[in-house]
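Chemist: give me the fold of what follows.
(one chain, ligands or ions: 1)
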Amino acid sequence: MLVRRNDLFIRHECGEATIPQIAVWRADSYAREYEQIFGALPDLLQVPRSGGPVTDREAASAWSGLTDAQREDVTRVFVNIGKAIAAYERRIEFGASRFDKYVNAVTTGQSDPNILTDNEIAGLRLFIGRANCTQCHSGPLPTSNEFHNTGVPPRPQLAIDHGRLTGATAVLSDEFNCRSQWSDTRARCSELEFIVTGEHTLDRAHKVPSLRNVAERAPYMDAGQFATLAEVLDHYNRAPAAPTGHSELRRLRLKPVELRQLEAFLRTLSGPVALANLLLPAARNDRDCRSRRSRHRNRRARARHQRSSARPACSRRLGFCRRASSATSSEDFA
Ligand code: HEC
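Modeler: Residues are numbered from 1 along each chain as shown. From the prediction side, this is the model:
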């Protein structure tokens, strides 16, 4: 998190009802870091503390009283903070879990019987076999990065969330989307170009999450509907009808012992969390963002990182690769 010497006023787009309309950043200690990456901070001393592009009348009127240049200055800082947080999140990597060690041993022919227990291996077999989890949870993370309706019940007291059905339309009109003036990847927005909207199948479809370190981050699902992994697995086993739209799950009819084995397997996906030592390129469309020298440095560092994290042997049979990182494709930020 960043920013500035004086009080700074930032637009907040994440939901007007529950989140303050204007975040005031008093982060003197981050001004230097901000300016190193993005260039000089604008002078926003004249920007009223209460202004914001929100429905609150007073805030909206203070916001519309600003000059175009002031609004652009505030928005630019807001966008840059978002990019800094996203860049930081991309550095978060998962180190080798017990499961990675097991796959490593299997794919190099050095099977070590002590890495996973019999129950965990039985759970893995169910995961890639009868329980059909790899239909959606595949690859190193493991997720297909697609959207599916899995019949998850709504959370009491919360309005029904239609997931991708409303999300796909919202992202198309979002002023900060991949095609916006603030984007660094405007030339590569295929996700928005080919995005499907308005289809019944999108109703209550949510993005398939990674299962790396899943045992460490209860509660589960988009609104924390399930408190434990056992509850998640019970849901998959029963495959109830979706509250709206159509669930893609089928009943699994697994026995209690098999559900416990699946859970034991999910727990083998936990590994240490670390920050990749990676120099990230700064925003490309930001005028004062970086010197030619640092551009070269970043390019070299990225190439080094890509070489070092090139995925080693994958087991087609298991549907996984040996080592995985949390890094996701740039399209995730569409
Ligand atoms: C049809 C696609 C699909 C299949 C098959 C599927 N999942 Fe999922 N999984 C999802 C989606 C989508 C979510 C997120 C749902 C939400 O956020 O409401 C999810 C969420 C989860 C979560 C919660 C993760 C979190 O961080 O909240 C776990 C655990 C999980 N799945 C395990 C499994 C297991 C084990 C199986 C096999 C028994 C399985 N999944 C089969 C699509 C699928």
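Chemist: pLDDT (mean, whole number) over the helix ranked longest in the chain?
Modeler: Counting by DSSP state H, the longest helix found in the chain is helix 68-90. Mean pLDDT, computed over helix 68-90, is 89.
Chemist: who are the packing partners of the helix or strand harbouring residue 235?
Modeler: Assessed by DSSP states H and E, residue 235 sits inside helix 229-238. The elements that helix 229-238 packs onto, with contact taken as 3 or more Cβ pairs under 8 Å, 6 or more residues apart in numbering; DSSP states H and E, are helix 256-267. Any C-beta I mention is one placed from the backbone N, CA and C, and that applies to glycine too.
Chemist: pull the residues that contact the next helix or strand after the helix it packs on.
Modeler: Downstream of helix 256-267, the first helix or strand assigned by DSSP H and E is strand 273-275. Strand 273-275 is contacted by residues 91-95, 213 when judged by Cβ atoms under 8 Å, 6 or more residues apart in numbering.
Chemist: going through these, which ones are buried?
Modeler: Neighbour-count burial (16 or more other Cβ atoms under 10 Å) is assigned, among the contacts of strand 273-275, to 91, 93-94, 213.
Chemist: also near the ligand: which of those residues, exactly?
Modeler: Among the buried ones among the contacts of strand 273-275, no residue lies close to the ligand (Cβ under 6 Å from any ligand atom).
Chemist: so which of those comes closest to residue 58?
Modeler: residue 91 (39.5 Å; Cβ to Cβ).
Chemist: quick check: the gap between that closest one and residue 214.
Modeler: 20 Å (Cβ to Cβ, to the nearest Å).
Chemist: residue numbers of this structure in contact with the ligand?
Modeler: So the chain meets the ligand at 131-133, 135-137, 148, 150, 152, 206, 208-209, 211, 214, 217, 220-222, 229, 232, 236, 248, 262, 266 (Cβ under 6 Å from any ligand atom).
Chemist: just the ones of these in strands?
Modeler: 148, 206 (DSSP state E).
Chemist: now which of the residues of the chain next to the ligand would you call buried?
Modeler: Buried members of those, scored by 16+ other Cβ under 10 Å, are 131, 133, 136-137, 148, 150, 152, 206, 208-209, 211, 214, 220-221, 229, 232, 236, 262, 266.
Chemist: okay, now residue 179: neighbour count?
Modeler: 16 (other Cβ atoms under 10 Å).
Chemist: thought it was touching residue 186?
Modeler: Yes: Residue 179 lies in contact with residue 186 (Cβ atoms under 8 Å); the separation is 5.9 Å.
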